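[1] here is a sequence with its predicted model. Questions after.
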2 protein chains.
Amino acid sequence: MNHRQTKQRQAILDTIERHGGHLTADEIHQLVKRRHPRLSLGTVYRNLHLLARQGVLCELDFGLAVTYFETTKAPHFHLICRICGKIEDAILPIERGLAALVRRAANADGFLIEEPRLDFIGVCPACRPKQSHASPPERTLKSLLNF
Amino acid sequence: MNHRQTKQRQAILDTIERHGGHLTADEIHQLVKRRHPRLSLGTVYRNLHLLARQGVLCELDFGLAVTYFETTKAPHFHLICRICGKIEDAILPIERGLAALVRRAANADGFLIEEPRLDFIGVCPACRPKQSHASPPERTLKSLLNF
DNA sequence: TTCCGTGCAAAAGGTTTGCACGCCT
DNA sequence: AGGCGTGCAAACCTTTTGCACGGAA
């Protein structure tokens, strides 16, 4: 499982770390190509998956047709705007509470939890004014909040 | 926003309701084709999205290359086995706790939460014996559990 | 009769992969 | 020198869409 050190892989990782946020494979490709014009999209994907397997990156799939990548950091959660697609980190003091939930889930029936996912789909502050114009769903999902 | 009643749409919904679990568009297509051999996959997709917009179905995207559909029921969560792909409902008394988390998130910065998602990726009891043979990740994700 | 919903097939779009070459070790 | 990683392009796979026909209202 030992891998060679290549300029492409380093450039890809540097770019993601310098950017800091959530990026798609194509965005990463565009950014790194500025310095490595011959970089191929296939190489980007191969390296992103390799780095994810090594734990350096996390893959984020919110059901938005593309996969996002970010550097691995302390566990946190995401607010995903369904109108503009922006993804923010949710900086919330919810870790303790979630830890209890995870423990209970793990004990429930022998399921080994490797990755808990807590994310919120909705509308960001900037998009709330546009909300009525942006083809809202026929039925809002607010009812899901009636826990 | 009023839609016609068609045999195809009814058959699709009946099939999902009778099955009860989580199905992909292709699985639904295969099942319904038994009775409606000329049903096209495009029609399945169009009806699934329509029913989802109406709130009858939920779309579930776990980042597994396909989207799953299920009938809308009380809020619940999922245990997704990364080895066999099986999806179980997580029947856990965690609603109260999550409600508090959601409320705090909603108040945080004006983000309108429409759909909270709490799901767990891991290994199901049946797959735990095979786990070591099934190309485990180079780094496990257990560290994410150190909340 | 109207026109929405369907079947069919092609297109779209993100991601993966086969192959030969070149660079890292 | 050996073989892994790359560039390139084609393939893949799920999902979407254009078009003309048929059926619901």
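    Sure, I can see it. The shown structure was predicted, so the numbers you read here are calculated from the model rather than taken from an experiment.
[2] flag every residue of chain A that's near DNA strand D.
    Residues of chain A lying near DNA strand D by CB under 7 Å from any atom of the strand: A:3-4, A:6, A:8-9, A:36, A:38-43, A:46-47. In short, each C-beta sits where N, CA and C put it, glycine included.
[3] most neighbours of all those residues, which one?
    Tallying neighbours with other CB atoms under 10 Å in any protein chain shown puts A:N47 at the head of the residues of chain A next to DNA strand D, with 23 neighbours.
[4] quickly find the element holding that residue.
    helix A:41-53 (DSSP states H and E).
[5] in chain A, which residue sits nearest DNA strand C?
    A:G42 (2.7 Å; CB to the nearest atom of the strand).
[6] for A:L39, helix, strand, or coil?
    When classified by DSSP: H, G, I helix; E, B strand; the rest coil, A:L39 comes out as coil.
[7] how about the contacts made by it?
    Neighbouring residues of A:L39 by CB atoms under 8 Å, 6 or more residues apart in numbering or on different chains: A:8, A:11, A:29, A:32-33.
[8] A:F111 too?
    A:105, B:79, B:81, B:88, B:120, B:122-125.
[9] swap in 10 Å and give it another go.
    Contact analysis of A:F111 by CB atoms under 10 Å, 6 or more residues apart in numbering or on different chains lists A:105, B:79-81, B:88, B:90, B:120, B:122-125, B:127-128.
[10] lowest-confidence helix or strand of chain A?
    Every helix and strand in chain A was compared by mean pLDDT, DSSP states H and E; the lowest is helix A:95-109, with a mean of 61.
[11] which residues does A:K7 contact?
    A:K7 neighbours (CB under 10 Å, 6+ apart): A:35-36, A:39.
[12] longest strand of chain A?
    Taking DSSP state E as the criterion, chain A has its longest strand at strand A:112-123.
[13] any stretches of chain A with poor pLDDT?
    For chain A, the stretches with pLDDT under 70 are A:1, A:75, A:91-109, A:129-147.
[14] centroid-nearest residue for it?
    A:L60 (3.1 Å; CA atoms, centre = their mean).
[15] look up how far chain B lies from A:T71.
    14 Å (CB to the nearest CB, to the nearest Å).
[16] thought A:L50 was touching A:E59?
    No - counting by CB atoms under 10 Å, A:L50 sits too far from A:E59 to count as a contact (11.8 Å).
[17] rewinding a little: narrow the contacts of A:F111 to those that are buried.
    Neighbour counting by 16 or more other CB atoms under 10 Å in any protein chain shown classes A:105, B:79-81, B:88, B:90, B:120, B:122-124, B:127 among the contacts of A:F111 as buried.
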